[in-house]
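In: task: produce atomic coordinates for the following.
(one chain, ligands or ions: 1)
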Amino acid sequence: MIEDLLAGNPVIPVVVVDSAEDGRHVGEALLEGGISTAEVTFRTPAAEDAIRAMSRIPGLVVGAGTVINVRQVDNAVAAGARYVVSPGFSADIVRHCTTRGIPVLPACTDGSWIMAALDLGVRTVKFFPAEVLGGASALAALSAPFPGLGFVPTGGVGTANLADYLSLPCVPACGGSWMVPASAIRNGKWNEITRLSREALVIASSVCGNGAQKPAGLDAAGAVRRQSDLRHR
Ligand SMILES: O=C(O)C(=O)C[C@H](O)[C@H](O)COP(=O)(O)O
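Out: Next up is the predicted model:
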């Protein structure tokens, strides 16, 4: 279930790569920074190859993002993807994933889409594009009529507003590309991805609203430990 993955991963990096080799470097850099999952988007022709290469990295749980039809679901899973994320709500994709036991995170922007998702048994949705839709205050208002439903804000989330979102009780995790900047990939600055990952986990660990206890003596290493604690909850 997608909820199990999110419980252990308060930040979900959205990865756009042009080659399997770049994907492998990104996956290793994320792991080094304490992040043990990566959502590889179907935005480039390299997506499947990257998923295949990254799925071989021990300890990394690879998902597929920007999945917009059931054919991509099947291709992603065949390549090794363990979960599927969509930028919108497709009943076909949700049914396809549910009947095959594939964790799925569809995106919903308003109450109507949320009600359609609830009808299919969805318990957590992506809130995309979060900042454009009004940010954390908009999400707080939207979530009020849907107690128990989880939201994963994505789109415009970064170090400056991550805590605002994770402070909401309805937010188990946030997604975004800020830990994996295109410039870092282009220039092979893999340690920059590691640094940004650690920074994101420090912020996540400092927020208690997502169910995590604030650890004593917070630092980057503490954040990494905290995430692995969460993973084994
Ligand atoms: O590709 C998808 O499936 C999406 O739904 C969109 C991405 O998750 C966001 O575009 C990431 O947003 P940024 O963190 O602002 O770059």
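In: low-confidence stretches in this protein?
Out: Residues of the chain meeting the criterion pLDDT under 70: 208-233.
In: for it, just list every one of the strands.
Out: 11-15, 37-41, 61-65, 84-85, 104-105, 124-127, 150-153, 174-176 (DSSP state E).
In: any chance of these in TSV, plus distance to the ligand?
Out: For the C-beta atoms, the positions are set from N, CA and C on the backbone; glycine is no exception. Listed next are the strands of the chain as TSV, based on distance: least, CB to the nearest ligand atom, whole Å:
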stretch	distance to the ligand
strand 11-15	4
strand 37-41	5
strand 61-65	4
strand 84-85	6
strand 104-105	9
strand 124-127	7
strand 150-153	9
strand 174-176	3
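In: now these as TSV including mean neighbour count?
Out: TSV is the format used below for the strands of the chain (neighbours: other CB atoms under 10 Å):
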stretch	mean neighbour count
strand 11-15	26
strand 37-41	27
strand 61-65	25
strand 84-85	27
strand 104-105	26
strand 124-127	26
strand 150-153	26
strand 174-176	27
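In: could you give the bridge partners of residue 85?
Out: Beta bridges link residue 85 to residue 105 when assigned by DSSP bridges.
In: quick check: the gap between it and residue 15.
Out: Counting by CB to CB, to the nearest Å, the gap from residue 85 to residue 15 is 11 Å.
In: so what sits against both of these two?
Out: Residues within reach of residue 85 and of residue 15 at once, by CB atoms under 8 Å, 6 or more residues apart in numbering, are 39, 65.
In: in a markdown table, list the strands of the chain along with distance to residue 54.
Out: Shown next, in a markdown table, are those (distance: least, CB to CB, whole Å):
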| stretch | distance to residue 54 |
| --- | --- |
| strand 11-15 | 8 |
| strand 37-41 | 6 |
| strand 61-65 | 5 |
| strand 84-85 | 15 |
| strand 104-105 | 18 |
| strand 124-127 | 21 |
| strand 150-153 | 20 |
| strand 174-176 | 17 |
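In: so which of those strands is nearest residue 187?
Out: Closest to residue 187 of the strands of the chain is strand 11-15 (CB to CB; 16.1 Å).
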